[in-house]
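>>> From the sequence below, what's the structure:
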Amino acid sequence: FKVFEEYDPNNILLRQAYNEVLLQQMEEVRLRQALQRIAKSKIVIQFPEKLTPLSFPIIVDGLNRNNLSTEKLEDRIQKMQ
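The predicted model follows:
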């Protein structure tokens, strides 16, 4: 692959390899359909009253970066749970 890419970038086998990746690995058709569906969707912004499960890793990362407390990170996470 690297040899074709470097010395013969217009080789038909190289083009075939790219096409196979798009069609089989990335499922280009499904990806395109999903992006079109997302583009047509309405964006709804909500502000939850308390932390959601998906926000937990972000909050923990922030706690780890802003280490202003002498309390261990594990203890702070236990309190949050």
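
>>> I59: helix or strand, and which one exactly?
helix 56-65 (DSSP states H and E).

>>> One more: L13?
Using DSSP H and E, L13 falls in helix 12-20.

>>> how far is that helix from where the chain is centred?
26 Å (CA atoms, centre = their mean, to the nearest Å).

>>> Please name every helix or strand in contact with it.
When contacts are defined as 3 or more CB pairs under 8 Å, 6 or more residues apart in numbering; DSSP states H and E, helix 12-20 packs onto helix 2-7. Any C-beta I mention is one placed from the backbone N, CA and C, and that applies to glycine too.

>>> Residues touching the helix it packs on, excluding its own?
11, 13-14 (CB atoms under 8 Å, 6 or more residues apart in numbering).

>>> Scan this structure for its longest helix.
helix 28-40 (DSSP state H).

>>> What are the contacting residues of that helix?
22-23.

>>> pLDDT at I59, what is it?
Model confidence at I59, given as pLDDT, is 80.

>>> Apologies, that question was intended for E74.
76.

>>> That one is in what secondary structure piece?
helix 73-80.

>>> Show me how far that helix is from its chain's centre.
26 Å.

>>> and the angle for that helix with helix 56-65?
140 degrees (axes from the mean of the first three to the mean of the last three CA atoms, to 10 degrees).

>>> who does helix 73-80 touch, helix- and strand-wise?
helix 56-65.
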